[in-house]
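S.K.: Sharing a model that was predicted from the sequence below.
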Amino acid sequence: RDSSKEVLEWRESFDQLLKSKNGVTAFHTFLKTEFSEENLDFWLACEDFKKTRSKTKLASKANRIFEEFVQTEAPREVNIDHETREITRKNLSGATSACFNEAQAKTRTLMEKDSYPRFLKSASYQDMTKQA
């Protein structure tokens, strides 16, 4: 089956996992058990944000993403350093599709180095590979 091949491909790289709709879903479910799904949700929100073509929508989406994930004490605050947070805040004044690039890259690296290896070792992923 294609899906079993797909499950095994998630081990090859974090990119393989992120390219797969099922991979993202499985990873998200795992992150919820660790109470750290905000990083993936932020990353996905940024991916969606980059597809926005309307200037007015870009600005309102940028503010919404910033308020939900980036600003200090945000309801679903992502783990980024103060400098990146400030750069992102400044980028909002002239919101472009690239205004979250640095913050998104930081959270992606964090997931890849931290959560992703734990996901691959998790019982849920191990069970999926056994079925594959």
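M.R.: Looks like it came in fine.

S.K.: show me where pLDDT drops low in the protein?
M.R.: Applying pLDDT under 70 to the chain picks out residues 1-2.

S.K.: what domains does the record give for it?
M.R.: Annotated domains of the chain cover 1-34+115-131, 37-112 [the TED database].

S.K.: Same list (the ones you listed) but as JSON lines, adding mean neighbour count.
M.R.: Heads up, the C-betas are built off the backbone N, CA and C, glycines and all. Shown next, in JSON lines, are the domains of the chain (neighbours: other CB atoms under 10 Å):
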{"stretch": "domain 1-34+115-131", "mean neighbour count": "15"}
{"stretch": "domain 37-112", "mean neighbour count": "16"}
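
S.K.: Just checking the distance from stretch 78-91 to the centre of its chain.
M.R.: Stretch 78-91 sits 16 Å away from the centroid of its parent chain (CA atoms, centre = their mean, to the nearest Å).

S.K.: Any chance you could list what contacts it?
M.R.: By CB atoms under 8 Å, 6 or more residues apart in numbering, the residues outside stretch 78-91 that reach it are 38-39, 42, 66, 69-72, 98-100, 102-103, 106-107, 110.

S.K.: which residues sit in contact with Lys50?
M.R.: 97-98.

S.K.: Please tell me how far it sits from Ser97.
M.R.: To Ser97, Lys50 is 5 Å away according to CB to CB, to the nearest Å.
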